[in-house]
Each structure stands twice: as C-alpha cells, then as structure tokens.
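> Please work out how this folds:
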Amino acid sequence: MALEAGLLEILACPACHAPLKETDSELVCTADAKECGLAYPVRDGIPVLLVDEARRPA
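Predicted coordinates for the structure are as follows:
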C-alpha cells in the first residue's frame with residue numbers, strides 16, 4: 001500500500017491527533033502505545049480513520 005506523501009503528511013490519529021505512519025496494510029498512530037497507538041485499516045487504498053474500526057497493536 002502506498003498513500004500519496006501529501007496525504008500522509010496531513011492525516012492524524014482521530015483519537016489523539018498524533019501523526020500516523022504507514023505499514024503494509026494499515027496506518028499506525030505514532031503516539032506512545034500507553035497513550036494511544038491505535039492501528040487503522042486501509043481498505044481498497046482508502047484509510048478508515050474511525051476509532052471503532054481501529055485495533056490495538058500487540
């Protein structure tokens with residue numbers, strides 16, 4: 001998965017507003033895992049930035 005660089009620069013975690021980093025199939029919050037650390041899925045190239053759809057990485 002490769003999002004446009006400009007898009008990734010403006011996206012932020014909806015829960016804590018920290019920047020997001022891109023992995024193979026999701027966007028992960030860069031905040032400390034104790035504070036947030038949610039991982040948001042990307043489906044068909046579209047980030048799903050809903051807290052209810054996010055998961056806590058192991």
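> Hmm, residue 16 is touching residue 31, no?
Yes. At 5.1 Å, residue 16 counts as touching residue 31 under the criterion of CB atoms under 8 Å. Where C-beta positions appear, they are placed from N, C-alpha and C, glycine not excepted.
> If you count surrounding residues, which of these two has more?
More crowded of residue 16 and residue 31, by other CB atoms under 10 Å: residue 31, with 17 against 14.
> Okay, buried residues for the host helix or strand of residue 41 please.
Using DSSP states H and E, the element containing residue 41 is strand 39-43. For strand 39-43, a neighbour-count test (16 or more other CB atoms under 10 Å) marks 39-40, 42 as buried.
> Nearest to residue 48 among these?
For these, the closest approach to residue 48 (CB to CB) belongs to residue 40, at 5.9 Å.
> and that closest one, what does it touch?
By CB atoms under 8 Å, 6 or more residues apart in numbering, residue 40 lies in contact with 13, 20, 26-29, 47-50, 53-54.
> and these, which are buried?
Using 16+ other CB under 10 Å as the threshold, 13, 20, 26-29, 47, 49, 54 are the buried ones among the contacts of residue 40.
> so can I have CSV of those showing pLDDT and secondary structure?
Formatted as CSV, those follow (pLDDT from 0 to 100; DSSP: H, G, I helix; E, B strand; the rest coil):
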residue, pLDDT, secondary structure
13, 95, coil
20, 93, strand
26, 92, strand
27, 93, strand
28, 94, strand
29, 94, strand
47, 90, strand
49, 95, coil
54, 95, coil
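> Would you quantify the distance from the residue lying farthest from the centre of the chain to residue 58?
Computed with CA atoms, centre = their mean, the residue of the chain farthest from its C-alpha average is residue 34, at 15.9 Å. Distance of residue 34 to residue 58, computed by CB to CB, to the nearest Å: 14 Å.
> Could you count how many residues lie near residue 21?
11.
> all helices for this structure, in order.
Assigned by DSSP state H, the chain shows helices spanning 5-10.
> Can you pull the poorly scored residue ranges out of it?
Applying pLDDT under 70 to the chain picks out residues 1.
> could you redo the last one with a cut-off of 80?
For the chain, the stretches flagged by pLDDT under 80 are 1-5, 33-34, 57-58.
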